[in-house]
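In: Could you work out the structure for the sequence below:
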Amino acid sequence: MCYLTTGKHMAFYGAFGTVLILLAVTAPTALAFGFGGAVAARSHVAPLRWLGKGYIAIVRGVPDIAFFLFFVIALDQGFEYLRHKVLCPDWTDPIRQGTDFLVCPAAKLPLGTSPQWVHEAYGFAIAVLTFAIVFGAFAANILYGAMRAVPRAQVETAEAYGMTRRQTFRRIVVPQMWVYALPGLGNLWMVLIKATPLLFLLGVEDIVYWARELGAAKTARFSDYPHPDWRMWYFLALLVFYLAFTRVSEIVIARLSTRLARGQATAAGEAMRREGMA
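Out: Here you go, the predicted model:
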């Protein structure tokens, strides 16, 4: 018990909460990015439509890890560049000096004098925003297809009753698109869960980081609790955690799908209607 309650182990247990917080914040944020991208892709305004379709297109052809590493660097430098222009207007030295990106000390994020928790919170916020942007592109692709899957006859009926385009979209398309989008969004949620170990690559001390650190071989010289290489057991604990979490997610998604299909003009909705008649 003394070994399992050391400070590092408590940080390991807290890292599970970090993963859950990441999912709780990233999922709705990515969905918001996705909905905005899908709406933009359907726009009749050409520049907005190009922007939406361009955002959706980033899900194709480039590995996710490349996006994660790119956005973390780009967002960090972008924020510091904006702060530099506002806080240090008299700065004359070039910001880019070879491979270095140098801004005035006041523009650094976070400031060098900030406490450690501010540095950790900033790194986590950048990671969340990166996850949201990347997975928002996937969500936009799914929602765009779901909007197009809503039967055209229902849209035309709404228009025949005198609804405007905005009213038709809000009252007809959006309520019904979710039943078509849920299978894809459910798969995206599972991918998001499996992508949380990428926090380790983004500099956040997550459960993968601590499992590797605590499971590695310890000797009496470097640890109060010497042990051989136990990484297999720590990663086995992670495997059980992720399997249990994805199983719970599958149950919730299945129930939500059944609820959304009720009364809808889909194969699932028709099956439920026939069961009710029987």
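In: What pLDDT is listed against residue 223?
Out: The confidence metric pLDDT takes the value 64 at residue 223.
In: which residue ranges form the strands in the protein?
Out: Remark: strands assigned in the chain by DSSP state E are 96-97, 100-101.
In: Tell me which strands the first one pairs with, and in which orientation.
Out: Using DSSP bridges, strand 96-97 pairs in its sheet with strand 100-101 (antiparallel).
In: Residues in contact with the partner strand: which ones?
Out: Applying C-beta atoms under 8 Å, 6 or more residues apart in numbering, the contact partners of strand 100-101 are 77, 80, 95. Quick note: C-beta positions are derived from backbone N, CA and C, even for glycine.
In: Which residues are in contact with the last one?
Out: Translated: residue 95. Applying C-beta under 8 Å, 6+ apart to residue 95 gives the contacts 81, 84, 101, 102, 103.
In: what's the answer for the first one, then?
Out: Taking C-beta under 8 Å, 6+ apart as the definition of contact, the neighbours of residue 77 are residue 101.
In: From residue 83, how far out is it?
Out: Residue 77 is 11 Å from residue 83, where distance means C-beta to C-beta, to the nearest Å.
In: Turn the contacts of strand 100-101 into a markdown table, columns for distance to residue 133 and pLDDT.
Out: Listed next are these as a markdown table, based on distance: C-beta to C-beta, whole Å; pLDDT from 0 to 100:
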| residue | distance to residue 133 | pLDDT |
| --- | --- | --- |
| 77 | 15 | 84 |
| 80 | 18 | 85 |
| 95 | 23 | 82 |
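In: Go through these and say which is closest to residue 174.
Out: Among the contacts of strand 100-101, residue 77 lies closest to residue 174 (C-beta to C-beta), at 36.4 Å.
In: Could you pull up the mean pLDDT of stretch 207-220?
Out: Stretch 207-220 comes out at a mean pLDDT of 74.
In: Can I get that stretch in CSV? Just the C-alpha atoms.
Out: Extracted C-alpha coordinates of stretch 207-220, given in CSV (Å, rounded to 0.1, in the frame of the first residue of the first chain):
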residue,chain,number,x,y,z
ILE,A,207,-1.7,7.8,-18.0
VAL,A,208,0.6,6.5,-20.7
TYR,A,209,3.4,8.7,-19.5
TRP,A,210,3.0,7.6,-15.9
ALA,A,211,2.6,3.9,-16.8
ARG,A,212,5.9,4.0,-18.6
GLU,A,213,7.6,5.9,-15.8
LEU,A,214,6.3,3.8,-12.9
GLY,A,215,6.5,0.5,-14.7
ALA,A,216,10.1,0.9,-15.8
ALA,A,217,12.8,-1.0,-13.9
LYS,A,218,13.8,0.7,-10.6
THR,A,219,16.9,0.0,-8.6
ALA,A,220,17.7,0.9,-5.0
